[in-house]
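K.L.:
Prediction below, plus the sequence it came from.
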Number of protein chains: 2
Amino acid sequence: METGATGEGSGVLGETGLGGQVRSTVGRLYRRFRSERPDGSLGDTALEVLTRLYKNGPQTLTQLSEHDHVAPASMSQTVNRLTSAGYAVRTADPNDGRKVLFSPTPEGAELARAARIQRNAWLDAHLQALSPEDQNAIARACVLLSNIADS
Amino acid sequence: METGATGEGSGVLGETGLGGQVRSTVGRLYRRFRSERPDGSLGDTALEVLTRLYKNGPQTLTQLSEHDHVAPASMSQTVNRLTSAGYAVRTADPNDGRKVLFSPTPEGAELARAARIQRNAWLDAHLQALSPEDQNAIARACVLLSNIADS
DNA sequence: TATTGTTATACTCTATAACTATA
DNA sequence: TATAGTTATAGAGTATAACAATA
């Protein structure tokens, strides 16, 4: 690979940089996740938002949109898909009339629990087949890359 | 975090499994990458395909779609965006009339080189600030996760 | 018949712009 | 004015189904 179509340098962080590897790996894994999605179910983004509401409790639109680095208008449409499907509800914030708190319905909570296990099944199976050292490397990378995503 | 909305177990690979961490990290990084995209440019998928053509040489539609785990019809539309924009061309396979080989144009090759450096700039900057051990963990995780994406 | 690729159609996800309502 | 959220519209990316052309 990297057969040198340009011939400029061979540093690890140059043409084949670690950043490029991360991007490529992330993109391919992301599409692989999507290809595993059961038919007729929520998309990955909507399910992740629902899971976050389930795990961390009610949150405002701004909190959700900032966490995912998407525009508020984008997140508004994502939560619309959740509320339309009956998996989440809007509640007015008693202290600030401008804010809206989103919470999972009982159906949404159940879906969050079930879908997460279901969707992670094949991934967890592969991860558990790795050595403890390899698992640690991945766990470490997740923490580091998650911090970068927040920066 | 993980304040125990369910109260069932606390194993590392249970409710908060490594698979879930990987999924969450990948999803957030993917969206973060997208938010860094310069306006009016190619999307991430199209650019990655173009980069692959540039690096690995002409490939058929089936090769491209299998590499990314997307349907052939999906990849057909992605390469259509590339050819419409003048960054790639179709060539008939001389040995098999059913096959079509996609190659970058000179403009596409130039874009692949420039865009890759440009888009990875902020990511590389963050990665280079990490310790060598942390960088190694990420590089190792990329190899391992890329293998899983291929499985 | 099987393989390769394309087009038609629909859905998810995201963005920007313009808007309403509350502070 | 500033902040929080929504709706309208557009584009990228993906899927399935139906199709054409070649092997």
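P.N.:
Received the coordinates, thanks.

K.L.:
Work out for me the element the spatially most central residue of chain A sits within.
P.N.:
By C-alpha atoms, centre = their mean, chain A has its centre lying nearest to A:E48, at 5.6 Å. Per DSSP states H and E: A:E48 is located in helix A:44-56.

K.L.:
which non-adjacent residue is nearest A:R28?
P.N.:
With sequence-adjacent residues excluded and distances taken as C-beta to C-beta, 6 or more residues apart in numbering or on different chains, A:R28 is closest to B:A149, at 4.6 Å. For every residue, glycine as well, the C-beta is placed using N, CA and C.

K.L.:
count of neighbours near that neighbour?
P.N.:
Neighbour count of B:A149, defined by other C-beta atoms under 10 Å in any protein chain shown: 24.

K.L.:
on that earlier part again, give the next helix or strand downstream of the helix holding A:E48.
P.N.:
strand A:59-60.

K.L.:
is DNA strand D contacted by that next one?
P.N.:
Yes - with C-beta under 7 Å from any atom of the strand as the criterion, DNA strand D is reached by strand A:59-60 at A:T60.

K.L.:
who's in contact with the next helix or strand after that strand?
P.N.:
Per DSSP H and E, the first helix or strand lying C-terminal to strand A:59-60 is helix A:61-68. Helix A:61-68 is contacted from outside by A:45, A:48-49, A:52, A:71-72, A:74-76, A:79, A:100, A:102, B:28, B:31, using C-beta atoms under 8 Å, 6 or more residues apart in numbering or on different chains.

K.L.:
quick check: longest helix of chain A.
P.N.:
Using DSSP state H, we find that the single longest helix of chain A is helix A:106-128.

K.L.:
Let me know the average pLDDT across the next helix or strand after it.
P.N.:
Using DSSP H and E, the next helix or strand after helix A:106-128 towards the C-terminus is helix A:132-150. Averaging pLDDT along helix A:132-150 gives 94.

K.L.:
name the element A:S103 belongs to?
P.N.:
Using DSSP H and E, A:S103 sits in strand A:100-104.

K.L.:
hmm, who's touching that strand?
P.N.:
Contacts of strand A:100-104 (C-beta under 8 Å, 6+ apart): A:50, A:53-54, A:57-61, A:64, A:79, A:82-83, A:87-93, A:112.

K.L.:
Return the member of the contacts of helix A:61-68 nearest to A:A137.
P.N.:
Each of the contacts of helix A:61-68 was checked against A:A137 using C-beta to C-beta; the closest is B:R28, at 19.2 Å.

K.L.:
Would it be right to say that the closest one lies in a strand?
P.N.:
No - going by DSSP: H, G, I helix; E, B strand; the rest coil, the assignment for B:R28 is helix, not a strand.

K.L.:
Tell me if I'm right that it and A:S151 touch.
P.N.:
No - between B:R28 and A:S151 no contact is recorded; they are 11.6 Å apart, counting by C-beta atoms under 8 Å.

K.L.:
Count the neighbours of the nearest residue to A:A71 once chain neighbours are set aside for me.
P.N.:
Using C-beta to C-beta, 6+ apart and skipping the chain neighbours, the partner closest in space to A:A71 is A:S65 (6.6 Å). Each residue near A:S65 was counted by other C-beta under 10 Å, and the total is 20.

K.L.:
Could you do A:D93 as well?
P.N.:
12.

K.L.:
need the contact list for it.
P.N.:
Per C-beta under 8 Å, 6+ apart, neighbours of A:D93: A:60, A:99-101.

K.L.:
same thing with A:F33?
P.N.:
Contacts of A:F33 (C-beta under 8 Å, 6+ apart): A:44, A:119, A:123, B:23, B:26-27.

K.L.:
do A:R140 as well
P.N.:
Counted by C-beta under 8 Å, 6+ apart, A:R140 has contacts B:134, B:137-138, B:141.

K.L.:
show me which of those neighbour DNA strand C.
P.N.:
Counting by C-beta under 7 Å from any atom of the strand, no member of those is near DNA strand C.

K.L.:
Between those residues, which sits nearest DNA strand D?
P.N.:
Nearest to DNA strand D, judged by C-beta to the nearest atom of the strand, of those is B:A141 at 21.2 Å.
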